[in-house]
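> sequence plus predicted model, see below.
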Amino acid sequence: MKKIVMFLILLVWMDDSTVVFAQDVQLTQGQNELFQKIEELTGTKGNYDEAENVFKVSFPRKDIEVNIGGVKMTPPMGLTVWAAFKLMDQHTMMMGDMVLLEDQVNLVMSTALDDGLEVTALHNHFFWDSPKVMFMHISGTGDPEALATEVGKVFTKIKETSGGKGEKPYFEIDPSKTSLDSKKIDSILGRSGKMTDGVYKIIIGRTTQMNGHEISAAMGVNTWAAFVGSDEKALVDGDFAMLESELQTVLKALRQAEINIVAIHNHMTMESPRIIFLHYWGIGSTTNLAKGLKSALDTQQK
């Protein structure tokens with residue numbers, strides 16, 4: 001089989017000087033063609049790690065100026081978007097990390113979900129950063145060119161929404177002036193809650209085991225929704241408690257209802273079954289918000 005040699009330049013920083021090493025990597029013609037195709041489909045250059053059989057494409061977020069407590073952040077300090085493709089016998093696995101400003105997160109997330117990728121985490125990496133930077137982790141398994149096409153759409157959406165072209169929801173609402181009809185929410189969700197200081201809150205418990213003991217709603221294993229405002233102009237925020245197998249369907253349902261996702265993470269360790277938590281924020285009519293939440297609840301196991 002024809003072999004093609006790719007020269008990788010490795011830069012190692014030692015003291016104040018740069019030492020350059022050249023390393024020969026043997027690629028088959030098939031590998032070379034595939035890697036070129038991934039670069040073409042993602043619109044991004046990549047590098048091959050022969051030891052782990054992983055081809056990784058990346059681009060720095062040079063378009064954003066981030067300051068943390070007086071420190072000017074640069075892409076090598078953790079502001080680089082990347083996606084890594086691990087080639088296996090029957091399929092390819094892709095994992096990646098998207099560096100996003102707040103107004104980009106949900107538009108980029110919807111692009112990933114709509115194109116068949118999974119979103120596995122959403123969180124911050126820093127404190128005191130200005131503007132606020134969020135990190136969204138994605139994954140997928142399947143045909144490498146199909147995965148590269150999907151990643152390419154995500155990368156394109158990041159570039160399209162840069163420079164303040166994303167979305168930032170805004171409603172002026174004072175909880176002390178809440179006038180919403182809680183019965184409308186109850187009728188849609190099939191559950192009732194409690195009004196406290198202008199906030200109508202519904203709590204739905206789940207159970208898991210930790211150290212041989214069952215824990216549930218009172219210990220924080222719950223989905224909840226807090227509504228404020230009027231029937232026409234309301235805000236809902238809250239938390240979804242999910243099994244790992246439920247995360248993607250809940251995400252898709254909430255995004256289809258134009259409810260924003262603000263975090264995906266764990267609250268515990270060593271629990272069984274594992275529970276993932278998702279924090280959300282949405283504005284609109286109480287009817288539309290409640291219907292969006294109900295569609296997400298309906299995807300979960302009863």
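Great, that's in hand. Everything numeric here is computed off the predicted structure, so don't read it as measured data. Numbers count the residues shown, from 1 in each chain.
> was I right to think Met134 contacts Glu102?
Yes: counting by CB atoms under 8 Å, Met134 touches Glu102, with 6.2 Å between them. No exception for glycine: its C-beta is placed from N, CA and C like everyone else's.
> so between these two, which is more surrounded?
Set side by side, Met134 and Glu102 show more neighbours around Met134, with 20 against 15, by other CB atoms under 10 Å.
> hey, where'd the helices end up in the stretch 151-300 of the chain?
182-189, 247-256, 286-297 (DSSP state H, counting those that start in this stretch).
> and the first one, what does it pack against?
To tie it back to what came earlier, the one meant is helix 182-189. strand 199-205, strand 222-229, helix 286-297 (3 or more CB pairs under 8 Å, 6 or more residues apart in numbering; DSSP states H and E).
> and the first one, what's buried?
For strand 199-205, a neighbour-count test (16 or more other CB atoms under 10 Å) marks Val199, Tyr200, Lys201, Ile202, Ile203, Ile204 as buried.
> give the contact list for the last one.
When you say that, I think you mean Ile204. Arg191, Ala217, Asn222, Thr223, Trp224, Leu297 (CB atoms under 8 Å, 6 or more residues apart in numbering).
> let's see it at 6 Å
Contacts for Ile204 (CB atoms under 6 Å, 6 or more residues apart in numbering) come out as Thr223.
> separation between it and Thr286?
In this structure, Ile204 and Thr286 are 17 Å apart, going by CB to CB, to the nearest Å.
> now Pro169: how far from Tyr280?
12 Å.
> do Gln104 as well
17 Å.
> what do you get for Lys132?
From Lys132 to Tyr280 the distance is 17 Å (CB to CB).
> so which of those two has more stuff around it?
Tyr280 (25 against 14).
> so Val199 makes contact with Val228?
Yes: using CB atoms under 6 Å, Val199 makes contact with Val228 at a distance of 5.4 Å.
> and for those two, which residues touch both?
Pro175.
> quick one on the thing from earlier: which of the helices and strands packed on helix 182-189 sits most buried?
With neighbours taken as mean count of other CB atoms under 10 Å, the helices and strands packed on helix 182-189 reach their highest mean count in strand 222-229, at a mean of 22.
> need the contact partners of it.
173, 175, 178, 198-205, 234-241, 293.
> CA atoms only: put stretch 188-205 into PDB for me.
These are the backbone C-alpha positions of stretch 188-205, laid out as PDB (Å, rounded to 0.1, in the frame of the first residue of the first chain):
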ATOM      1  CA  ILE A 188     -50.200  21.700  31.200                       C
ATOM      2  CA  LEU A 189     -47.700  20.100  33.500                       C
ATOM      3  CA  GLY A 190     -50.200  17.900  35.300                       C
ATOM      4  CA  ARG A 191     -48.600  18.900  38.700                       C
ATOM      5  CA  SER A 192     -49.100  21.700  41.100                       C
ATOM      6  CA  GLY A 193     -46.700  23.900  43.000                       C
ATOM      7  CA  LYS A 194     -46.500  26.700  45.500                       C
ATOM      8  CA  MET A 195     -46.500  30.500  45.200                       C
ATOM      9  CA  THR A 196     -43.900  32.200  47.400                       C
ATOM     10  CA  ASP A 197     -43.000  35.900  47.200                       C
ATOM     11  CA  GLY A 198     -44.300  36.100  43.600                       C
ATOM     12  CA  VAL A 199     -42.500  33.000  42.400                       C
ATOM     13  CA  TYR A 200     -44.600  29.900  41.500                       C
ATOM     14  CA  LYS A 201     -42.400  26.800  41.900                       C
ATOM     15  CA  ILE A 202     -43.100  23.200  41.000                       C
ATOM     16  CA  ILE A 203     -40.800  20.400  42.200                       C
ATOM     17  CA  ILE A 204     -40.700  16.900  40.700                       C
ATOM     18  CA  GLY A 205     -38.600  14.400  42.700                       C
END
